[in-house]
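Enquirer: Take this sequence and fold it.
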Amino acid sequence: MDPSSFGNYSVIRHIGSGAFAHTYEAQKPNEDPCAIKWLKENPAEHGHERFRNETWALRQLAHPNIPKFLGEGSHLGRPYIVMSLARGVSLREISNAQLRDKGSMSQQRLVGILEEVLSALEHMHSQTIFHRDVKHDNIVSNPSESQVMLIDLGMCTGVGQPVDAATFWNAGASRFSPPSKLRYPSKNHPNHDSFAVGVLAYLLLTNDYPWSVGLNEDRGSLEDHMQVHRPTPIHQINRFVSRDVSDFVASLLSIDDDARPSASQALRQIQEIRKKASDDLVPPAIAHGLAIKHPRVMRDPVHGDIVMTDFEWGLIGTVEFQRLRWIRQLGTTHLVYPGAEHSRFNHVVGTMFVASEILRRIEERSGVPFELEEKLMARTFALVHDIAHVAFGHTLEDELGFFKRHDKNEGRLHRLVLDDRSQVGTWLRSTNYGHLVLAHFDSASTVAKHSWLQELVESPSGADVIDYVGRDSLYCGLDHKIDTAIFRRFAIAASDVPDPEQRHLRAQLYGRKGFRLDAEFALESILLERLGLFMKVYTHPVKVVAGCMIGKALWEVLSDHKKPRLEESRLERMGDDELLYFLRDSGRPVAASLVSGVLQRNLFKPAFRARALEPDQCDIKHYEIRQSRFREQGLLEPGTRSAIEVKIAR
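Expert: A predicted model of the protein is given here:
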């Protein structure tokens, strides 16, 4: 059974177990979470010695890419080490995800990881400490914070260590070991660590090891294979990898220990490669995936075939996602345009398609592919961006103010997405990119938000708008369509200030010969077509009246203190029709009459219409001032409006 605490440290979760120790995330009151490594009761051979050596090594080292020693102690008679927490996922998990989705790591991201790992190894070697077990399991990457940590120093050797590592018969993973280490595991050479880094780089860029042997073959077979065959150069397997990087990795994979660069030399070389790429003005790779497997397909009346990954297919199969099928995209608009029966489910799937199409067009224009993980993250965010919508959401939230907006409603976001019982949340937590998407719904998350991701989907010219303009127009039988030339004008670029690392979605209005009128027209077409639908559809008097009748019926039920209150958590699980029938059958005569009128299309007529702003005040400044005054007077609150209605009626 896992312990609940180690001294003053409370255990948060069990991270994992190795051959000789368990690792936990823990925390002291008012301090940041940390990692605690606790020796097993019956560790593997030499486990006690390895544990002592790791404690010793962590005490000697001080580097941002190596866990910081924070303390040690004993629990149930067995020692434990306290160290800083390595956040993120192991490179093994990333490698497995790449293999599953048929993609590879981008060169830019790989170079960044190598630079940090080699920097950590250079520091270790400067202290005459050698890791001896560099592999994908022992490197943790956190892309959201651009952090890489080299962990698990149990196999290390060094001058002054408590136990002579020569007593260890085997040290390190065979696939990450050069021939000399395979033959004599207890002997050490500092450049063995460099070789392991080369194997790691090869694996992440090609999804294969530089030397492959059968499952039934042993280390001797692997050593023989390495002596006879040279690995295929990476640039011949992955066309997105430069010759410089390919040759650099090949030098690390030299089977001659003395011909192989040291960690310090390799670090200088990778830094030069990165600098050269910058000097040559090579567009910074947002990273790339060679391919994403899309075994699922959905036929859409707007975009045709929309393909999906198994992960996306599983995501839309969750309870929280399926409820979007029963929520109409346009609320009561079908009372005006009978074809407007399409759902939010259709819309979010279409938004995913548009977001993916924008990224594809950016790739084609720039010649720089996106990273597999970022493509999947963008598609996933597009799928779930409207997950918190409820029945008649825009009417009940934006127009009548019964609830907070779906994207600002923290209680609803917690229940539908962040709660451990949420199927959507559980599904998102199953992948690294899903974790990053999840952070965009959590205001308390410390994970860096991706500005370009939200802009790609939710900006005034983003995928959300592009899909719903075309979709709403089609189902309403109108002729509004956004010029797809806008796809050629999008780019994702770093902002100048204040954070140059932040990237943003931008519409490029200038070409090689100056300002492009066609680009301006394509961008304006989004705003013009949206305005056309706003005037014809979204504010149609019949739609507004029907929405007001539903809102009044809801207020009758919510304000009835003699009966159990309709909780928001119950309402958010309802579809449009389910909510209408609930209000009709609520036992409130006024609510029943109003909803019956909506269901039979026996609607009220407008009796009075007022202009909130004069024609010369139609700008955002005057709008916000007037909205603020309405809010101060309580006119945006259902209760105040109801009292005014009663007064007018009298």
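Enquirer: Was I right to think residue 301 contacts residue 473?
Expert: No: using C-beta atoms under 8 Å, residue 301 is not in contact with residue 473, being 12.0 Å away. No exception for glycine: its C-beta is placed from N, CA and C like everyone else's.
Enquirer: who has more neighbours, these two?
Expert: residue 473 (20 against 11; other C-beta atoms under 10 Å).
Enquirer: quick one, phi/psi of that one?
Expert: phi -60, psi -40 (degrees, to the nearest 10).
Enquirer: what pLDDT does it get?
Expert: Per-residue pLDDT puts residue 473 at 95.
Enquirer: I'd assumed residue 529 was in contact with it.
Expert: Yes: under the criterion of C-beta under 8 Å, residue 473 makes contact with residue 529 at 7.4 Å.
Enquirer: Now list whatever residues contact both of those two.
Expert: 480-481 (C-beta atoms under 8 Å, 6 or more residues apart in numbering).
Enquirer: Can you tell me how far residue 265 is from residue 178?
Expert: Distance, residue 265 to residue 178, by C-beta to C-beta, to the nearest Å: 16 Å.
Enquirer: higher neighbour count, those two?
Expert: With neighbours defined as other C-beta under 10 Å, residue 265 and residue 178 compare such that residue 178 has more, 24 against 15.
Enquirer: okay, that one: pLDDT?
Expert: pLDDT, residue 178: 91.
Enquirer: for residue 603, same thing?
Expert: 96.
Enquirer: quick one: contacts for it?
Expert: Taking C-beta under 8 Å, 6+ apart, we find residue 603 in contact with 335, 542, 545-546, 549, 597.
Enquirer: switch the cut-off to 10 Å
Expert: Going by C-beta atoms under 10 Å, 6 or more residues apart in numbering, residue 603 touches 332, 335, 541-543, 545-546, 548-549, 594, 597.
Enquirer: Switch those over to a markdown table; also include neighbour count.
Expert: Listed next are the contacts of residue 603 as a markdown table, based on neighbours: other C-beta atoms under 10 Å:
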| residue | neighbour count |
| --- | --- |
| 332 | 25 |
| 335 | 18 |
| 541 | 12 |
| 542 | 16 |
| 543 | 22 |
| 545 | 18 |
| 546 | 25 |
| 548 | 19 |
| 549 | 21 |
| 594 | 25 |
| 597 | 17 |
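Enquirer: measure the spatially closest residue to residue 359 that is not a sequence neighbour to residue 379 for me?
Expert: Of all residues not flanking residue 359 in the chain, residue 370 sits nearest, at 5.6 Å (C-beta to C-beta, 6 or more residues apart in numbering). As judged by C-beta to C-beta, residue 370 and residue 379 stand 11 Å apart.
Enquirer: Residue 432 too?
Expert: Distance of residue 432 to residue 379, given as C-beta to C-beta: 14 Å.
Enquirer: the more surrounded of the two?
Expert: When residue 432 and residue 379 are compared for neighbours, residue 379 comes out ahead with 25 against 19, by other C-beta under 10 Å.
Enquirer: Got phi/psi on the more buried one?
Expert: Torsion angles, degrees, to the nearest 10, at residue 379: phi -60, psi -40.
Enquirer: wouldn't it be in contact with residue 431 here?
Expert: No: taking contacts as C-beta atoms under 10 Å, residue 379 lies outside contact range of residue 431: 11.8 Å.
Enquirer: list residues touching both of these two?
Expert: With C-beta under 10 Å, 6+ apart as the test, residue 379 and residue 431 both reach 311, 315, 437.
Enquirer: Can you work out which residues contact both of residue 370 and residue 379?
Expert: Common contact partners of residue 370 and residue 379 (C-beta under 10 Å, 6+ apart): residue 359.
Enquirer: Hmm, residue 527 is touching residue 466, no?
Expert: No: assessed by C-beta under 10 Å, residue 527 is found out of contact with residue 466, at 11.8 Å.
Enquirer: can you list residues touching both of these two?
Expert: By C-beta under 10 Å, 6+ apart, the residues touching both residue 527 and residue 466 are residue 482.
Enquirer: Looking at the two, which one has more neighbours?
Expert: Between residue 527 and residue 466, counting by other C-beta under 10 Å, residue 466 is the more crowded of the two (24 against 13).
Enquirer: Let me know the pLDDT of the more buried one.
Expert: 94.
Enquirer: Tell me which other helices or strands the host helix or strand of it touches.
Expert: Applying DSSP states H and E as the criterion places residue 466 in helix 463-476. Packing partners of helix 463-476 (3 or more C-beta pairs under 10 Å, 6 or more residues apart in numbering; DSSP states H and E): helix 344-366, helix 372-384, helix 451-458, helix 517-533.
Enquirer: just the angle between the first one and helix 463-476, please?
Expert: Translated: helix 344-366. 130 degrees (axes from the mean of the first three to the mean of the last three C-alpha atoms, to 10 degrees).
Enquirer: For helix 344-366, C-alpha coordinates in CSV please.
Expert: The C-alpha coordinates for helix 344-366 follow below in CSV (Å, rounded to 0.1, in the frame of the first residue of the first chain):
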residue,chain,number,x,y,z
ARG,A,344,-23.6,22.1,-32.1
PHE,A,345,-22.3,18.6,-32.6
ASN,A,346,-22.2,19.3,-36.4
HIS,A,347,-20.6,22.6,-35.9
VAL,A,348,-17.7,21.6,-33.6
VAL,A,349,-16.8,18.7,-35.9
GLY,A,350,-16.8,21.2,-38.8
THR,A,351,-14.7,23.6,-36.8
MET,A,352,-12.1,20.9,-36.3
PHE,A,353,-12.0,20.4,-40.1
VAL,A,354,-11.5,24.1,-40.8
ALA,A,355,-8.8,24.5,-38.1
SER,A,356,-6.9,21.6,-39.6
GLU,A,357,-7.3,23.0,-43.1
ILE,A,358,-5.9,26.4,-42.0
LEU,A,359,-2.8,24.7,-40.6
ARG,A,360,-2.4,22.7,-43.8
ARG,A,361,-2.5,25.8,-45.9
ILE,A,362,0.0,27.5,-43.6
GLU,A,363,2.3,24.5,-44.0
GLU,A,364,2.0,24.7,-47.8
ARG,A,365,2.9,28.4,-47.9
SER,A,366,5.7,28.4,-45.4
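Enquirer: helix or strand right after the helix holding residue 466?
Expert: strand 490-494.
Enquirer: Just checking, which helix or strand succeeds whatever helix or strand residue 623 lives in along the chain?
Expert: Taking DSSP H and E as the definition, residue 623 sits inside helix 620-632. Later in the chain than helix 620-632, the nearest helix or strand by DSSP H and E is helix 638-649.
Enquirer: Could you pull out the buried residues of that following helix?
Expert: By neighbour count on 16 or more other C-beta atoms under 10 Å, the buried set for helix 638-649 is 638, 641.
Enquirer: Equivalent analysis for stretch 522-539, please.
Expert: Residues of stretch 522-539 classed as buried: 522-523, 525-526, 529-530, 533, 536-538 (neighbour count, 16+ other C-beta under 10 Å).
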